[in-house]
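Trainee: take this sequence and fold it.
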Amino acid sequence: MEPGAAGWGAAALGAAELGRGLGERATLVQFSSAFCAPCRATRRVLGEVAAMVPGVAHVEIDAEARLDLVRALDIVKTPTVLVLDARGREVRRAAGQPRRADVIAALGEAV
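Mentor: Numbers count the residues shown, from 1 in each chain. Next up, the predicted model:
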């Protein structure tokens, strides 16, 4: 997973942008599209990680429905996963289907 995005800067994401509250310790934000097969596998992996790590939430965002956010965050493909810390600041991102171990390692930087 790559370090935080330069396009968003120091601003934090919150409930208004995500459509729900942040996780107590970290949030996994997944940008998906309707016909993206890797998005389904990514949803499963992130859901499993969020369920096993206390205080971590998983939020899936339909990229086509939230083009404003996609553009602001410079999301160029789906799936893209952002790892946010407890304040909603991006600490890592990855494009493509992540491995469970990589997601867990990235969470280590956020919590």
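
Trainee: which residue is nearest the centroid of the chain?
Mentor: Among the residues of the chain, the smallest C-alpha distance to the mean C-alpha position (Cα atoms, centre = their mean) belongs to residue 29, namely 2.2 Å.

Trainee: so who does the closest residue to that one other than its chain neighbours touch?
Mentor: Using Cβ to Cβ, 6 or more residues apart in numbering and skipping the chain neighbours, the partner closest in space to residue 29 is residue 82 (4.2 Å). Every residue, glycine included, has its C-beta placed from N, CA and C. Residues in contact with residue 82 (Cβ atoms under 8 Å, 6 or more residues apart in numbering) are 5, 13, 28-29, 31, 73, 90, 92-93.

Trainee: quick one: list the elements packing against the helix or strand containing residue 31.
Mentor: If you go by DSSP states H and E, residue 31 is part of strand 26-32. Helices and strands touching strand 26-32, as assessed by 3 or more Cβ pairs under 8 Å, 6 or more residues apart in numbering; DSSP states H and E, comprise helix 37-52, strand 56-62, strand 80-85, helix 100-110.

Trainee: right, so of these, which gets closest to residue 20?
Mentor: With Cβ to Cβ as the criterion, residue 20 lies closest to strand 56-62 of those, at 5.9 Å.

Trainee: buried stuff in whatever helix or strand comes next after that closest one?
Mentor: Moving toward the C-terminus from strand 56-62, the first helix or strand encountered (DSSP H and E) is helix 67-72. Under the neighbour-count criterion of 16 or more other Cβ atoms under 10 Å, helix 67-72 has 69-70, 72 buried.

Trainee: can I get helix 67-72 in CSV, CA atoms only?
Mentor: What follows is helix 67-72 as a C-alpha-only set of coordinates in CSV (Å, rounded to 0.1, in the frame of the first residue of the first chain):
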residue,chain,number,x,y,z
LEU,A,67,-17.5,11.3,-8.7
ASP,A,68,-16.9,14.5,-6.6
LEU,A,69,-15.0,12.5,-4.0
VAL,A,70,-13.3,10.3,-6.6
ARG,A,71,-11.9,13.4,-8.3
ALA,A,72,-10.9,15.2,-5.0
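
Trainee: all good on my end, thank you.
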